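Enquirer: based on what follows, work out the 3D shape:
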Amino acid sequence: MKNFILNYSLFESSGSVIGLTEFIATLNEAYPDNSGLFKELSDYIVNSGCPAIKFEAIYGAQGISKTDECIINKSTLKKNISEVLYVILHEISHQYQYSKYGKNVMWDAYNSNIDIDTAVDLLMNIELVADRLAFLKTNNMIRNHNIKDAAEVTPFYSKIDKSYYKRHLERLRDEVSKKGMTSVNQVNEYMYNKLKVQPKPISKIGYGYNTVTSRGVPRNAPKKNTFNNQSEIDKILDKLSQSSWSNLTDKEKGILRSASKK
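Expert: Numbers count the residues shown, from 1 in each chain. Down below sits the predicted model:
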């Protein structure tokens, strides 16, 4: 026991990843009896050069990999062990990219120093490579540690249309220009702060009794926008607010698309 404590304290030296002890402890609590798997994950995170890591409530994304910190949406802890591992490893793959290419790898794309199509190709390459690395490493770790209840993981960034990346970069470039951002760190903080804002819940419009006719219908009331499957739509919207569009099933996406056309 004494040697174990000594080794663990050395692992958590001043050169290690800030918050890693708490991060792994959270994983151990959510997915017990996987100490070998999480030890390998710890080593992989340390070797990536990631400065800090934590779980936090963010909205609209499963994680974000800033140059100074990696944040994983705490809602991923409700997923299957292979799925949360996949999310973590995708974001950590970006940390390896920062180590290899430098933290300013995307700056020219953000500040419009290169044309939009070149910027889109750069972003897509960064994301697709990170996604492929995460996919391969997840399956490798699950297999090496013989995780019996792991769900099948498949890459999903390859399914995202190029137009999505272009719209994202166009909006981001506009904000960089408007706000006078001068560094990748400022862009990272801007995106991170956006993800910390919880979407406002969809609420029903209320009417005062003084505007109600004898039949109880508000005067000049807008057409009631309800659907036969309203409860199902509400559940999908709630899921979307806690994660991202890419986490919806094809059926759920189809339901929302159909509803938006009515």
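Enquirer: got any ranges where the stretch 151-262 of the chain has weak pLDDT?
Expert: Within the stretch 151-262 of the chain, the stretches with pLDDT under 70 are 202-229, 234, 238-247, 256-257, 259-262.
Enquirer: where do the helices sit along it?
Expert: Counting by DSSP state H, counting those that start in this stretch, one finds helices in the stretch 151-262 of the chain at the ranges 162-179, 184-195, 230-242, 250-260.
Enquirer: select the longest helix from this structure.
Expert: The longest helix of the chain (DSSP state H) is helix 116-144.
Enquirer: follow-up on the earlier one: and the helices of the stretch 151-262 of the chain as a markdown table, adding distance to K78 and mean neighbour count?
Expert: For the C-beta atoms, the positions are set from N, CA and C on the backbone; glycine is no exception. Below are these laid out as a markdown table (distance: least, CB to CB, whole Å; neighbours: other CB atoms under 10 Å):
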| stretch | distance to K78 | mean neighbour count |
| --- | --- | --- |
| helix 162-179 | 25 | 14 |
| helix 184-195 | 18 | 16 |
| helix 230-242 | 9 | 14 |
| helix 250-260 | 17 | 12 |
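Enquirer: export the ones you listed to JSON lines and tack on distance to I81?
Expert: Output for the helices of the stretch 151-262 of the chain, formatted as JSON lines (distance: least, CB to CB, whole Å):
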{"stretch": "helix 162-179", "distance to I81": "28"}
{"stretch": "helix 184-195", "distance to I81": "24"}
{"stretch": "helix 230-242", "distance to I81": "19"}
{"stretch": "helix 250-260", "distance to I81": "23"}
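Enquirer: any idea which of the ones you listed gets closest to D43?
Expert: helix 184-195 (25.3 Å; CB to CB).
Enquirer: ok, and for the longest helix of the chain, which residues are buried?
Expert: Neighbour-count burial for helix 116-144, counted by 16 or more other CB atoms under 10 Å, picks out 119-120, 122-124, 126-127, 130-131, 133-135, 137-139, 141-142.
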